[in-house]
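Peer 1: Pasting the sequence and the predicted coordinates here, then a few questions.
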Amino acid sequence: MVLTSGQSRWSLVRLVLVVSSLSVANVEGFGEIRALKLKFLTLLGYKMNPEAILRSADAVCFDVDSTLFTTEGVDELTEFMNKTKETKHQPLAALCGVSNVRKAMEDRMNLLKPSIEDMKQFNKERSPKISPGAVDLIHCLQKNNVPVYLISGGFRSYILPKIKELNITPENLFANKLMFYFDGSYAGIDHREPTSDNSGKATIIEDLKSKFNYRTVVMIGDGVRDIEPCPPADICIGYGGNIVRPVVKSKADWYVMDFKEIADSYGKC
């Protein structure tokens, strides 16, 4: 059977809708799904306008390390624990897009083995710096009643002390939890946190959409794991203000070097 152009176009529309509705919980390879969706949208003559999508956002999610913060928490901890040489050839999961994020992070932390006292001292001595323009952008979104969430593969205990500056509640922070034995020695990473898994950021965004009925969610971050969760995020904005990752720059829906660019495009600040 030969389809007319109209029939072919409607078939593509239905396929895009099917791809868009796939549940993150049941699918691996989100990058492939995203590529397929964008390919068919292109065939339909649809051109994505990231700035317009941002202006219609119901919620905005930010990565933390090398995005809201100027550095990577785990790298800072590695230096603090004097383990830089030992980890020289050990890739960091969040940055390198390795196949098993949890294993890579556990390998790094098992080498560091920080005690609870180490972490307290680390947080005291290595308080992270917030990237220029981040506070203004977040406050602008909040002023316009747009909820802001932090979704990080970093450490919750490292991020928590800073969220007051961003006017973020602990409930809106999703990050890895470190576990310790009764004597204060390192016990491991809490596997119950979605952020410890490869698909964790996508799972969290999907859950937020389901729980709060968000129609449009934006993800902003510097790393590979920040562009993978699209879908379910509607657009992924790559951020290169602290470090430029070529793969993110080439695959993000929109790439910026400064949070002010996002704020200016949002137009409501």
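Peer 2: Done, it's in. Small disclaimer: the values here were computed from a predicted structure and weren't measured.
Peer 1: what's near enough to touch the nearest residue to K177 once chain neighbours are set aside?
Peer 2: Distances taken as CB to CB, 6 or more residues apart in numbering put D190 closest to K177, at 4.0 Å, once the chain neighbours are dropped. Where C-beta positions appear, they are placed from N, C-alpha and C, glycine not excepted. For D190, the contacting residues are 176-179, 196, by CB atoms under 8 Å, 6 or more residues apart in numbering.
Peer 1: How about Y181?
Peer 2: A187.
Peer 1: F69 pairs with what?
Peer 2: Counting by DSSP bridges, F69 is bridged to I130.
Peer 1: Do you have the strands of the protein handy? List them.
Peer 2: Per DSSP state E, the chain carries strands over the ranges 59-62, 148-155, 173-176, 178-180, 186-189, 217-221, 235-239, 254-256.
Peer 1: What is the third one packed up against?
Peer 2: Contact here means 3 or more CB pairs under 8 Å, 6 or more residues apart in numbering; DSSP states H and E; on that basis strand 173-176 packs against strand 148-155, helix 156-159.
Peer 1: go again using 10 Å as the cut-off
Peer 2: helix 73-80, helix 101-112, strand 148-155, helix 156-159, helix 200-212 (3 or more CB pairs under 10 Å, 6 or more residues apart in numbering; DSSP states H and E).
Peer 1: Can you report how many residues neighbour A134?
Peer 2: By the measure other CB atoms under 10 Å, the count of residues near A134 is 24.
Peer 1: quick revisit: quick check on the contacts of D190: which are buried?
Peer 2: Buried subset of the contacts of D190 (neighbour count, 16 or more other CB atoms under 10 Å): 176, 178, 196.
Peer 1: Which of the residues you listed sits closest to G153?
Peer 2: Relative to G153, the closest of the buried ones among the contacts of D190 is N176; by CB to CB it sits at 6.3 Å.
Peer 1: who touches the closest one in this structure?
Peer 2: 73-74, 102, 105, 109, 152-159, 189-191, 193-196, 200 (CB atoms under 10 Å, 6 or more residues apart in numbering).
Peer 1: Verify the stated contact: D207 with S199.
Peer 2: No - counting by CB atoms under 10 Å, D207 sits too far from S199 to count as a contact (11.8 Å).
Peer 1: Those two: which has the busier surroundings?
Peer 2: Using other CB under 10 Å as the criterion, D207 and S199 rank with S199 on top: 19 against 15.
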